[in-house]
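Peer 1: need coordinates for the following:
(4 chains)
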Protein chains: 4
Amino acid sequence: MFKYNHLIKVYYRDVDQMGIVYYTRYLEYFEEARTELLNSLGLTISLIEDRGIQLPVIASHCDYKRGAKLEDKLVIEASIAEIPKVKLNINYNIFDKVSNKQLVTGYTKHAFTDKFGNPKRIPKFIFDKINIHFQKK
Amino acid sequence: MFKYNHLIKVYYRDVDQMGIVYYTRYLEYFEEARTELLNSLGLTISLIEDRGIQLPVIASHCDYKRGAKLEDKLVIEASIAEIPKVKLNINYNIFDKVSNKQLVTGYTKHAFTDKFGNPKRIPKFIFDKINIHFQKK
Amino acid sequence: MFKYNHLIKVYYRDVDQMGIVYYTRYLEYFEEARTELLNSLGLTISLIEDRGIQLPVIASHCDYKRGAKLEDKLVIEASIAEIPKVKLNINYNIFDKVSNKQLVTGYTKHAFTDKFGNPKRIPKFIFDKINIHFQKK
Amino acid sequence: MFKYNHLIKVYYRDVDQMGIVYYTRYLEYFEEARTELLNSLGLTISLIEDRGIQLPVIASHCDYKRGAKLEDKLVIEASIAEIPKVKLNINYNIFDKVSNKQLVTGYTKHAFTDKFGNPKRIPKFIFDKINIHFQKK
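Peer 2: Residues are numbered from 1 along each chain as shown, chains lettered A, B, ... in the order given. Presented below is the predicted three-dimensional model:
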C-alpha cells in the first residue's frame, strides 16, 4: 500500500447551514489529496495531461460519519492499495486532526484515457512510479 | 416507486479543463433534483428544518459513464424506491436531454436527525407525504 | 439597452452557516444569467468558442444588500447597456421573486480573446447580434 | 498596514475549460486569505461568531489580469490598510509564487452585524486586535 496524508482546513465556503461541511466538498478534499499523493510519487496531473493521458473519475463513493465544522483541521489520507492495471483505485480516510476521530471514508476509481476519452491500459510512466512502492525491499 | 424529473443546464462553472462536468457537480445536481422531488411531495427543506428535522447525507455514490459538456441540457431523475424507515434512500439517473444517453447514476442516503445531529426515526409528517404514493390505488 | 431575466432557485449548496447565500455563488448566478442573455441573442458560449473566441472575465463587482435564503426564488436581470467595442460589459440586478426586493447588484467585464488569450476587437458575428438591438426601430 | 501572505495551490476543481481558474474561485482564495489574516491577529471566525458577531460581505471586487493554471502555486496577499470603524475593508493581491507575476487584485468590504443581521460598530475585541498593529512603535 502507498499512502499520503494531506492536511486541509475548513473555510466558510465549505460549510452549509447545518454548520457542517457540505457533502460534495469532501470530494474536493479527496481531489486535493490524490493530487498530492500522485505528486509524492513524482507525478503531476499537468505532466500526465501533457503526455496525452487523462484520469477521469468513473466512480466515487463517500460514507459520512461525522460532520467537519468551520476552521477544523482535517487530515485527508489517500492511499493506493494495489498496483493499477486498467483502473486507478484510490481510497480516502478523513480524520479530525485534533481529536483524531474519523469523519469520512470513501474511494474514487479512475480510468486512463487519451485526449478523446478512449480508455487505455495504465501508461508505463505511471505504472513505474507506482510499482516501485509495491516491490519487496 | 416515486419519481421526479428535474431539468438542468450545464454552465461554465461546472466544466473542468477536460471539457466535461467536474465530478462533484453531479452531486450538486442530485441535490437540486432531490429538493424538487421532496417539493413535488409537498415538502420543502425549509419547512422540514423549521420543524426541527435535518436530513444530513450519510452516504453518496456516483458512477460516471459519459461526461456532460458545456450547455448540455440534462434530465436528473430522482426516485424513492421504498418507504423510508430510519433512512431516506434516493436514487439518481442523469440523462442527456437530447440524445437520451445515460451519463451518471448514483444514490444518496440520508439520516433523519434533530438539530443536534441525534438520529431519529422518520417523522410522521414526512412519512405520510411519501407513504401516500406507495399505497395501492 | 438589452436585458434578460433569468430565474433561479437557491439550493443547500449555495447557503452558508449564516443561512444566506455564500458571496461567490451570486457570481455563479451572474454567469448563468449572462449565458442566457447571450443565448437570447442567438449566441451560445459553445458556438463562440467553436469559432475560436473566448470571453474571459477581466473584472467583477458585487454589492450585497440583502442575503438570499434557502429555496428563495431569485430573478437575475442581466443587461448590456451599450454596444461593446473591445470589452463586453454586463450589469446584473438580483431581485427576490416574491418580495421584489433588490438583493445584489454588480457587473462583469469581459475581453474578447483568441484561444491563446490574445485580446481582439469584438468579432463581427457577435457585434451583429448585439447591435441589432441598439438600432432605432 | 497589516498584511498576511497565504499560499494556495490550484486544483482541478478550480480550473475551467479555458484551462484557467474560474472567476469565482479567486474570491474563495480571498476568503481563505482573510481568514488566515484574522487568524494571524488572534481572531478566528468561529470565535467571532461565538461572540455573536457576523462579518457578511457587503461588496466584492476583482480585477483579473492573468489566469492561474492547474497546479500553480499562488500567494494570496491580504491586507488591512486602515483601522476599521463601521466596515472592515480588506485588499487582496494574488501573485504567481514562481514567476512573481501579479494575477488578480481585489477587495472585499464587510459589515459587523449581530446574529440577526443588524449592523453594529466594530466590536472592541476585534478593534483591539487590529489597532495594535497601527500604533507607532
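Peer 1: contacts only, for the nearest residue in space to A:Ala68 that is not next to it in sequence.
Peer 2: Nearest residue to A:Ala68, sequence neighbours excluded (C-beta to C-beta, 6 or more residues apart in numbering or on different chains): A:Val21, at 4.5 Å. Where you see a C-beta, it was placed from the backbone N, CA and C, and this is true even at glycine. By C-beta atoms under 8 Å, 6 or more residues apart in numbering or on different chains, the residues touching A:Val21 are A:Val10, A:Asp14, A:Val15, A:Gly67, A:Ala68, A:Lys69.
Peer 1: in a markdown table, list these along with secondary structure and distance to A:Thr44.
Peer 2: Formatted as a markdown table, the contacts of A:Val21 follow (DSSP: H, G, I helix; E, B strand; the rest coil; distance: C-beta to C-beta, whole Å):
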| residue | secondary structure | distance to A:Thr44 |
| --- | --- | --- |
| A:Val10 | coil | 26 |
| A:Asp14 | helix | 25 |
| A:Val15 | strand | 30 |
| A:Gly67 | coil | 32 |
| A:Ala68 | coil | 27 |
| A:Lys69 | coil | 32 |
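Peer 1: and the residue lying farthest from the centre of chain A, which of the three is it?
Peer 2: Distance from the centre of chain A peaks at A:Gln17, with 26.3 Å (C-alpha atoms, centre = their mean). Three-state assignment for A:Gln17 (DSSP: H, G, I helix; E, B strand; the rest coil): coil.
Peer 1: specify the beta-bridge partners of A:His6.
Peer 2: A:Ile76 (DSSP bridges).
Peer 1: distance-wise, check it relative to chain C.
Peer 2: 23 Å (C-beta to the nearest C-beta, to the nearest Å).
Peer 1: which residues sit in contact with that residue?
Peer 2: Per C-beta under 8 Å, 6+ apart, neighbours of A:His6: A:Tyr29, A:Glu32, A:Ala33, A:Glu36, A:Leu37, A:Val75, A:Ile76, A:Glu77, A:Ala78.
Peer 1: can you check A:Lys69 too?
Peer 2: A:Val10, A:Val15, A:Gly19, A:Ile20, A:Val21, D:Ser46 are the contacts of A:Lys69 under C-beta under 8 Å, 6+ apart.
Peer 1: any quick PyMOL command for the buried ones out of those?
Peer 2: A single PyMOL command selects the buried members of these (16 or more other C-beta atoms under 10 Å in any protein chain shown):
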select buried, chain A and resi 10+15+20+21
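Peer 1: how far does the longest strand seen in chain A sit from its chain's centre?
Peer 2: Taking DSSP state E as the criterion, chain A has its longest strand at strand A:102-113. From the chain centre to the centre of strand A:102-113 is a distance of 6 Å (C-alpha atoms, centre = their mean, to the nearest Å).
Peer 1: helix or strand right after that strand?
Peer 2: Note on strand A:102-113: by DSSP states H and E, the next helix or strand toward the C-terminus is strand A:119-120.
Peer 1: determine the set of other helices and strands touching that following strand.
Peer 2: strand A:102-113 (3 or more C-beta pairs under 8 Å, 6 or more residues apart in numbering or on different chains; DSSP states H and E).
Peer 1: please see if the longest helix along chain A touches chain B.
Peer 2: As assigned by DSSP state H, the longest helix anywhere in chain A is helix A:25-40. Yes - on the criterion C-beta under 8 Å from any C-beta of the partner chain, helix A:25-40 is in touch with chain B at A:Arg25, A:Leu27, A:Glu28.
Peer 1: which one (most neighbours) among the residues you listed?
Peer 2: A:Leu27 (25 neighbours; other C-beta atoms under 10 Å in any protein chain shown).
Peer 1: residues contacting that residue?
Peer 2: By C-beta under 8 Å, 6+ apart, the contact set of A:Leu27 is A:Ser60, A:Cys62, A:Gly106, A:Thr108, B:Tyr23, B:Thr24, B:Leu27.
Peer 1: from chain D, how far off is the residue most central in space within chain A?
Peer 2: Nearest to the geometric centre of chain A sits A:Arg34, at 3.0 Å (C-alpha atoms, centre = their mean). A:Arg34 is 10 Å from chain D, where distance means C-beta to the nearest C-beta.
Peer 1: what residues does chain A have near chain C?
Peer 2: A:Tyr12, A:Arg13, A:Val15, A:Asp16, A:Gln17, A:Met18, A:Gly19, A:Tyr22, A:Thr24, A:Leu70.
Peer 1: redo that, cut-off 6 Å
Peer 2: Contact residues, chain A versus chain C (C-beta under 6 Å from any C-beta of the partner chain): A:Tyr12, A:Arg13, A:Val15, A:Asp16, A:Gln17, A:Gly19, A:Tyr22.
Peer 1: residues making contact with stretch A:93-107?
Peer 2: A:26, A:61-66, A:68, A:73-77, A:91-92 (C-beta atoms under 6 Å, 6 or more residues apart in numbering or on different chains).
Peer 1: most widely separated two among the residues you listed?
Peer 2: The largest separation in the contacts of stretch A:93-107, counting by C-beta to C-beta, is between A:His61 and A:Lys73 at 24.1 Å.
Peer 1: of those two, which one has the most company?
Peer 2: Ranked by neighbour count (other C-beta under 10 Å), A:His61 and A:Lys73 place A:His61 first, with 19 against 13.
Peer 1: any idea which element that one lies in?
Peer 2: Using DSSP H and E, A:His61 sits in strand A:57-64.
Peer 1: list the strands paired with that strand, with their directions.
Peer 2: Strand A:57-64 is paired, per DSSP bridges, with strand A:102-113 (antiparallel), strand B:57-64 (antiparallel).
Peer 1: returning to that earlier point: tell me the most packed of the contacts of stretch A:93-107, by neighbour count.
Peer 2: Highest count within the contacts of stretch A:93-107 by other C-beta under 10 Å belongs to A:Tyr26, 28 neighbours.
Peer 1: need the contact list for it.
Peer 2: Neighbours of A:Tyr26 in contact, by C-beta under 6 Å, 6+ apart: A:Cys62, A:Val104.
Peer 1: what's the answer for the one 5 residues further on, then?
Peer 2: Neighbouring residues of A:Glu31 by C-beta under 6 Å, 6+ apart: D:Tyr11, D:Tyr12, D:Arg13.
Peer 1: mind checking pLDDT for the second one?
Peer 2: Just to be clear, that refers to D:Tyr12. We note a pLDDT of 98 for D:Tyr12 in this prediction.
Peer 1: measure it to chain A for me?
Peer 2: 6 Å.
Peer 1: ok, back up a step: any chance of the strands paired with strand A:57-64 in a markdown table, with mean pLDDT too?
Peer 2: A markdown table is the format used below for the strands paired with strand A:57-64 (pLDDT from 0 to 100):
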| stretch | mean pLDDT |
| --- | --- |
| strand A:102-113 | 98 |
| strand B:57-64 | 98 |
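Peer 1: tell me which of those strands is the most buried.
Peer 2: Across the strands paired with strand A:57-64, averaging neighbours per residue (mean count of other C-beta atoms under 10 Å in any protein chain shown) puts strand B:57-64 on top, at a mean of 21.
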